[in-house]
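Chemist: What follows is a protein structure lacking sequence information:
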């Protein structure tokens, strides 16, 4: 009888508040600084990956988002069987959301289950696929400790707070209508490490301090402190990109308008109620609290409305994803806000707005969710 | 008989390559770092200012660019007479070109002539009007030495090289079609000093080194070194603006396209032949050498053409200012360049392109150029 084993898992996306940018060792993917992120709820954003090992397979085969890819020649001594791997995201890869973190984390988690590797070591393996993938190996709030050892043995992800710790935290993912980024993260950060005069100062004198402060803010559920550090970190990450030679620009004019909108919203509120953060692209993520979601979303709909659905604020809208309620905020206050916020109104600047929360780490899924047929070993 | 005296002077604009951003003393306008600029030829960009003192004037009156302004209540012990001042730029104030430097420099120079103040002290007075104005008190290449004294007595501008030193240097001023900047330099730099964690590192560890290197490059007429430092300085200035909280954005998407165009042009040329620099707004200044002007201008006309004059490359064009020759570059090479340079083509992204060179400092003008009538003391 032919030996086969099939495992299907799902894994989450994460959004950093203390940014990873720069490696001290390119080969081992050892970062220049520790970083910290929230793991996002898999209801809205996840990767599902089936891994099947079989003695009957003649070669390793990979299907990513329904497209067959030639497998690259990496030979894992663990494997006597050939493997079939099938992986899909429940969000468009081209949407500009980092899919490599959830992709590698889910693959490594599924492989770990297939080969019974203790979960404790897995974040170090995920890191080798894509640095920030190690933070997607856990739910809640996750710190990627840079470690000190040259061989990277103390470079790993750890959960600082679980997904139940701060239940009111919400994230609005704003997908900007734009072509994908031109500078890859890998080449971009290498260029920053090599050429930015400000980068070493950030790494040596700023990040550790901020990491301590933001961990404390999360522990205390102190949103204003959490939010300010989040925004300052995003600003500084893009500042060192700009200090790179030649400079790297990830934010565009729409990104800046989002920054201005959040800044003015906070000023009007006389309290920091929202925090923007940008990764290696123009898309924004806004961290906020449950109570402010409707207000901020109304503002976003006013300044960055979709052309096809103006005035249509239904939860079923394809422009608003993840909203299980009608956007129904205080109209008087909203009108005052709209009058105060001075950013250019731009139709179709955003492709969509997705509401999500902090969620759990990778999961093993049931047989019903296999992406590969247990009989043929091919995608269903 | 009534005592009257009338003096008319002109003064230049300057474009910094080592940027001034941040004050160590706000009241005395003492900068956090030394800076260095080229003074631009007054043929294209200048301020003309007439200053007239008369015992018969009943009040101090100021006309700036043909508009009468109420004079602010500053009382100068030097004055027994009342003053009439009339000042005009030969370029639009709203064009986004820093007119405060030429404006204050010319005013202070003219007042110095009126009251016979030795020219050596004048840069310190100009500085009090607008920091960078002190660099417009001299022609050629001018360093604003930050000094060390608390009272600012050693904080002054000095000429490092005169306007004849590097005759082949040219500047292309690219005026971007956009609304004026939202954050004034004064409040922006105060905010940077207060909130940017990278700013102090720049000031303490980067600028002095770059200043030494670029002075040497100018002395040796080493364009590639000069150009690289110029671009890195511009990048870093905008990086610390972005690291400010809330962040300050002066460059927009057109500015970034200009950066990309220059970067790719240099890469294609296998030699640094052009350097961009941006001040507190989206407009670019490109430093280059005489031999590259036609090529770069052709590229700019291709990627950022005016809608009204596409294909019209006449020197008399209102889109091309300061060009005394037809743009006539190697067509084969230009086609290869256009094919290689990958930036989005944008019609009407630029308002105009102005070609200029390094020029002399403030001058006393002849009687024919008075802006005030010697008889009435009113604008002609």
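Modeler: Arrived safely, thanks for sending. Just so we're clear, the structure is a prediction, and the values are computed from it rather than from any experiment.

Chemist: any chance you could map the strands in the stretch 51-200 of chain A?
Modeler: Along the stretch 51-200 of chain A, counting by DSSP state E, counting those that start in this stretch, strands occupy A:61-64, A:67-69, A:82-89, A:141-145, A:156-161, A:169-176.

Chemist: So which of these is the most surrounded?
Modeler: Neighbour counts (mean count of other CB atoms under 10 Å in any protein chain shown) averaged over each of the strands of the stretch 51-200 of chain A peak at strand A:141-145, with a mean of 24. All C-beta spots, glycine's among them, are computed from the backbone N, C-alpha and C.

Chemist: Which residues does it contact?
Modeler: For strand A:141-145, the surrounding residues in contact (CB atoms under 8 Å, 6 or more residues apart in numbering or on different chains) are A:14, A:20, A:31, A:34-39, A:123, A:127, A:131-132, A:134-136, A:154-162, A:165-166, A:211, A:215, A:218, A:358.

Chemist: at 7 Å what do you get?
Modeler: With CB atoms under 7 Å, 6 or more residues apart in numbering or on different chains as the test, strand A:141-145 has contacts from A:14, A:20, A:31, A:34-39, A:134-135, A:154-161, A:165, A:218.

Chemist: got it, and stretch A:44-53?
Modeler: Contacts of stretch A:44-53 from elsewhere in the structure, counted by CB under 7 Å, 6+ apart, are A:4-13, A:81, A:83-91, A:97, A:99, A:102-103, A:106-107, A:110-111, A:114, A:321-322, A:354, A:356, A:365, A:369-372, A:377.

Chemist: Buried residues, it. List them.
Modeler: By neighbour count on 16 or more other CB atoms under 10 Å in any protein chain shown, the buried set for stretch A:44-53 is A:44, A:45, A:46, A:47, A:48, A:49, A:50, A:51, A:52, A:53.

Chemist: Next: stretch A:322-337.
Modeler: Result for stretch A:322-337 [16+ other CB under 10 Å]: buried residues A:322, A:323, A:327, A:329, A:334, A:337.

Chemist: again with stretch A:17-29
Modeler: So for stretch A:17-29, counting by 16+ other CB under 10 Å, buried means A:17, A:18, A:19, A:20, A:21, A:22, A:23, A:24, A:28, A:29.

Chemist: Identify the farthest-apart pair in those residues.
Modeler: With distances taken as CB to CB, the most widely separated pair in the buried residues of stretch A:17-29 is A:17 and A:28, at 24.5 Å.

Chemist: related to what we said a few turns ago, could you find the lowest-pLDDT member of the buried residues of stretch A:322-337?
Modeler: Among these, residue A:329 carries the weakest pLDDT, at 67.

Chemist: Just the contacts of strand A:141-145: which are in helices?
Modeler: Among those, the residues falling in helices (DSSP state H) are residue A:218.

Chemist: Close to chain B: what parts of the stretch 101-250 of chain A are there?
Modeler: Neighbours of chain B within the stretch 101-250 of chain A, by CB under 7 Å from any CB of the partner chain: A:197-198, A:201-202, A:206, A:231-232, A:235-236, A:238-240, A:242-243, A:245-247, A:249.

Chemist: what do you get if the cut-off is 10 Å, keeping everything else the same?
Modeler: Counting by CB under 10 Å from any CB of the partner chain, the stretch 101-250 of chain A comes close to chain B at A:178-179, A:182, A:195-202, A:204-207, A:209-210, A:228-229, A:231-232, A:234-249.

Chemist: Tell me where the stretch 151-300 of chain A has helices.
Modeler: A:185-195, A:199-201, A:207-219, A:223-242, A:253-269, A:293-303 (DSSP state H, counting those that start in this stretch).

Chemist: Can you spell out which helices and strands pack onto the shortest one?
Modeler: Helices and strands touching helix A:199-201, as assessed by 3 or more CB pairs under 10 Å, 6 or more residues apart in numbering or on different chains; DSSP states H and E, comprise helix A:185-195, helix A:223-242, helix B:199-201.

Chemist: Try it again at 7 Å.
Modeler: Contact here means 3 or more CB pairs under 7 Å, 6 or more residues apart in numbering or on different chains; DSSP states H and E; on that basis helix A:199-201 packs against no helix or strand.

Chemist: Three-state assignment for the residue nearest to residue A:87 when sequence neighbours are not counted, please.
Modeler: Once flanking residues are discounted, residue A:87 sits nearest to residue A:49: 4.2 Å by CB to CB, 6 or more residues apart in numbering or on different chains. Of the three states, residue A:49 takes strand according to DSSP: H, G, I helix; E, B strand; the rest coil.

Chemist: Can you tell me who residue A:49 pairs with across the strands?
Modeler: On the basis of DSSP bridges, residue A:49 is bridged to residue A:9, residue A:87.

Chemist: Distance check, it against chain B.
Modeler: With distances taken as CB to the nearest CB, to the nearest Å, residue A:49 is found 35 Å from chain B.

Chemist: now do residue A:131
Modeler: For residue A:131, the distance to chain B - CB to the nearest CB - is 23 Å.

Chemist: what's that residue in contact with, if anything?
Modeler: A:20, A:29, A:31.

Chemist: taking those one by one, which sit in strands?
Modeler: Using DSSP state E, the members of those that fall in strands are residue A:31.

Chemist: Which of the contacts of residue A:131 sits closest to residue A:286?
Modeler: Distances from residue A:286 to these, taken by CB to CB, are shortest for residue A:20, at 20.0 Å.

Chemist: Next, format the strands of the stretch 51-200 of chain A as JSON lines and append mean pLDDT.
Modeler: Putting these into JSON lines (pLDDT from 0 to 100) gives the following:
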{"stretch": "strand A:61-64", "mean pLDDT": "89"}
{"stretch": "strand A:67-69", "mean pLDDT": "79"}
{"stretch": "strand A:82-89", "mean pLDDT": "93"}
{"stretch": "strand A:141-145", "mean pLDDT": "98"}
{"stretch": "strand A:156-161", "mean pLDDT": "96"}
{"stretch": "strand A:169-176", "mean pLDDT": "95"}
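
Chemist: so can I have a markdown table of those showing distance to residue B:281?
Modeler: Shown next, in a markdown table, are the strands of the stretch 51-200 of chain A (distance: least, CB to CB, whole Å):
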| stretch | distance to residue B:281 |
| --- | --- |
| strand A:61-64 | 45 |
| strand A:67-69 | 45 |
| strand A:82-89 | 41 |
| strand A:141-145 | 39 |
| strand A:156-161 | 42 |
| strand A:169-176 | 24 |
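
Chemist: Name the SS class of residue A:356, please.
Modeler: Applying three-state DSSP: residue A:356 is strand.

Chemist: Any figure for the gap between it and chain B?
Modeler: Taking CB to the nearest CB as the measure, residue A:356 falls 25 Å from chain B.
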